[in-house]
Structure formats: C-alpha cells, structure tokens
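predicted model follows, preceded by the sequence.
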Amino acid sequence: MKNLKLVVYLNTSKTNQKNEAPVYIRIKVGETTKDFSLGFKVNIERWKDTDGLTRRNAKLTEEEKKQRIQIDEKLAKFQKYAEAKDSESEAYNAEMVFNQAENPNPYKNVSLLQVIDLHKVEYDHMVIIDF
C-alpha cells in the first residue's frame, strides 16, 4: 500500500432534514481519486460524538455497530487489493481498487464479447505501441 490512502467522511453537502448525511469513502492512489457512498446516513452530531463511530468508550447502537463493521470490511477489501498489487509490483489506480474490491472477478456473468473487450483494454495498458 505504498500510495493508497483511504478516508471515511460524511458528505455534509447532502444533509437531510433529520441532520443526517451519507457516509462516503475516498480512495486516493497517487493522483487518482474515487469517492463513493456506502449507502447509509448517520446523524452528523452522533458522527462527531463517536469520532466517526470509532471511539472505544462510545456506546454504539446495534445499527451503528453494523455500519462500523460495513466500513471496516470495505476498507479491508481495498487494503487487501492494494497489498496484492504492491507485492506483485503492479501499478494500480483508485478506480481499479474500487472495481476490484467490489467485483474481484470482472469476467463473472459477462458475455464472451465483453471478456474480449476487457482483455483488450488490459492488454493495451500493458503494451505501448508507437506507429
């Protein structure tokens, strides 16, 4: 994980009337960045009071515990992918970390034509041809 940075944050620009904001993760690899929502919202004050649901002595509700587990699982997937790429000395970017962690087998449930297209894209990244 030479250049992987992960940040969990509330997107307060999307706060609702209940003072809840969606939880986002930002993946940064070198100059590339990918932000995405985890699909749930947390009360802004509660987020601050519990240090993003991480404070040890905070009494988390069952729902908050599930949300914290979901956050930790996502972060672990991203880190695992980055560690694998680093150990193989392969280059990667934020989009690749997100895609591979979310769908580790890009060839599952796709047509043969899609597989060929994916292979061509991967091959083009590996081989630079100057004409």
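Perfect, I can see it now. Numbering: from 1, shown residues only.

centroid residue for this structure?
In the chain, the residue lying closest to the centroid (CA atoms, centre = their mean) is F98, at 4.9 Å.

let me see the contact set for that residue.
Neighbouring residues of F98 by CB atoms under 8 Å, 6 or more residues apart in numbering: 27, 34, 36, 78. Any C-beta I mention is one placed from the backbone N, CA and C, and that applies to glycine too.

next, it: phi, psi?
phi -60, psi -50 (degrees, to the nearest 10).

ok, now T61?
According to degrees, to the nearest 10, T61 has phi -70, psi 170.

cool, N93 as well?
Torsion angles, degrees, to the nearest 10, at N93: phi -130, psi 180.

surely it is in contact with T32?
Yes. Using CB atoms under 8 Å as the test, N93 is close enough to T32 to be in contact (4.0 Å).

these two: who's more crowded?
Taking other CB atoms under 10 Å, N93 and T32 do not tie; N93 has more neighbours (17 against 14).

contacting residues for the more buried one?
N93 makes contact with 29-30, 32, according to CB under 8 Å, 6+ apart.

how much space between it and K34?
Applying CB to CB, to the nearest Å, the value for N93 to K34 is 8 Å.

next one: E88
Counting by CB to CB, the gap from E88 to K34 is 21 Å.
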